[in-house]
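Student: need a 3D model of the sequence below.
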Amino acid sequence: MRALAFLLLATPAAAWEASSEGPVCLLTKDTDEAEIVVSHDPRKALPYAIDLTLDAPWQAGPFFAIRFDGLQPRTITTDRHQLTRNTLTVTDRGFGNVLDGLAFNFVALAASGSTSVVIPLEGAAPEVEKFKACATAAGV
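Tutor: You can find the predicted model right below:
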């Protein structure tokens, strides 16, 4: 058990980061398995997006689901996801449930077809708040 704790402490973890590029607000995280980008672009009809990029292609499936486990567990599903090479994208007018899932839980599991990826949520909450403030300032 101590060896596992040592390995976890020794492994550099990419932190969640909120930023902006002009009017576009970004919330990003890189893991060993995926690059996660949540964006808000007020110039688009569906201003919110989440892009999940893997090293290998996502398997197409009729639904995309993301399950959040922790203090406020929830599962969100949609059939309006798009696959482009190794990136799965979901867009919508609002992302309140997604943002709360990121902020108030410990881990998320994103899945489409037989492809799934675990997303650690440690440190996400303060960056989610910065992202929300950015989106509000940009004119939600």
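
Student: going by C-alpha atoms from here, please, whenever you check contacts or count neighbours.
Tutor: Fine.

Student: in the sheet, who's paired with the residue positioned nearest the centre of the chain?
Tutor: Residue closest to the mean C-alpha point of the chain, counted by Cα atoms, centre = their mean, is residue 36 at 4.9 Å. Beta bridges link residue 36 to residue 29, residue 52 when assigned by DSSP bridges.

Student: that one: what's it in contact with?
Tutor: 27, 28, 29, 30, 50, 51, 52, 53 (Cα atoms under 8 Å, 6 or more residues apart in numbering).

Student: what's the following helix or strand after the least confident helix or strand in the chain by mean pLDDT?
Tutor: Lowest by mean pLDDT, DSSP states H and E among the helices and strands of the chain is helix 2-10, with a mean of 40. Where DSSP states H and E defines the elements, the next helix or strand beyond helix 2-10 is strand 17-21.

Student: helix or strand for residue 99, just tell me which one.
Tutor: Secondary structure (DSSP H and E) places residue 99 in helix 96-104.
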